[in-house]
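*Asks:* Fold the following.
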Amino acid sequence: MTDSLAQRVQQLGLRLPTPSQPIANYVNHVVSQNQLFISGQIPLLDGQPAFIGRLGEAISEEEGIKAAELAALGLLAQLSDALGDDLSKLVRIIRLGAFIAATPEFQRQGAVANGASNLLVNALGDKGRHVRTAVGVASLPSGVAVEIDAIFELQP
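*Replies:* Residues are numbered from 1 along each chain as shown. Purely as a prediction, here's the structure:
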């Protein structure tokens with residue numbers, strides 16, 4: 001298996017987008033000792049927010065899963081950028097956070113978050129297995145349905 005994240009994603013029939021840039025006073029990622037923290041990523045299509053709305057209202061569960069996949073693709077783009085596209089520097093994903101904009105009645109945040117989790121495991125293999133939190137929230141930046149962040153362990 002290749003150590004290029006871009007090539008692994010391409011083998012899945014996908015393409016890493018250009019890493020998005022912060023829209024406020026923060027940075028895309030921070031390395032602290034052996035950990036890489038990547039800021040929250042929203043689903044973007046051609047650089048524009050996609051899947052606007054809340055689960056249980058304007059967004060279906062299937063669309064939410066697609067939004068989570070798209071946000072995870074942005075996360076992988078940030079990871080590739082942080083590592084110089086060299087996966088030999090990655091030990092594993094430690095934790096994935098999934099924030100799902102939803103109505104109070106919507107209770108399938110975990111199913112939506114699986115869109116991101118499945119893509120990460122498919123792209124990274126065992127390095128992509130992680131612990132996860134999936135929570136419902138009232139709203140997210142730009143009105144999107146999903147936001148994903150993560151903590152990674154790096155080689156010393």
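
*Asks:* which non-adjacent residue is nearest the residue nearest in space to the middle of the chain?
*Replies:* Geometric centre of the chain, nearest residue: A72, 2.6 Å, by CA atoms, centre = their mean. Once flanking residues are discounted, A72 sits nearest to A116: 3.7 Å by CB to CB, 6 or more residues apart in numbering. Bear in mind the C-beta positions are built from the backbone N, C-alpha and C, glycine included.

*Asks:* Mind telling me what element the one you found is part of?
*Replies:* Taking DSSP states H and E as the definition, A116 sits inside helix 109-124.

*Asks:* what packs against that helix?
*Replies:* helix 5-11, helix 61-83, strand 90-101, strand 131-137, strand 146-154 (3 or more CB pairs under 8 Å, 6 or more residues apart in numbering; DSSP states H and E).

*Asks:* Now the residue of the chain most remote from its centre: closest residue in space, sequence neighbours ignored.
*Replies:* The outermost residue of the chain, judged against the average C-alpha position, is E105 (24.3 Å), by CA atoms, centre = their mean. In this structure, E105 finds its nearest non-sequential neighbour in G56, 5.6 Å apart by CB to CB, 6+ apart.

*Asks:* returning to that earlier point: to Q35, which of the helices and strands packed on helix 109-124 lies closest?
*Replies:* strand 146-154 (5.9 Å; CB to CB).

*Asks:* who does that closest one touch, helix- and strand-wise?
*Replies:* The elements that strand 146-154 packs onto, with contact taken as 3+ CB pairs under 8 Å, 6+ apart, are strand 35-41, helix 61-83, strand 90-101, helix 109-124.

*Asks:* Now tell me what touches the last one from outside.
*Replies:* Judged by CB atoms under 8 Å, 6 or more residues apart in numbering, the contacts made with helix 109-124 from elsewhere in the structure are 5, 8-9, 12, 55, 61, 64-69, 71-73, 75-76, 87, 90, 92-93, 96, 98, 100, 102, 128-130, 132, 134-136, 146, 148.

*Asks:* Can you tell me which of those residues are buried?
*Replies:* 5, 8-9, 55, 64-69, 71-73, 75-76, 87, 90, 93, 96, 98, 100, 102, 128, 130, 132, 134, 136, 146, 148 (16 or more other CB atoms under 10 Å).
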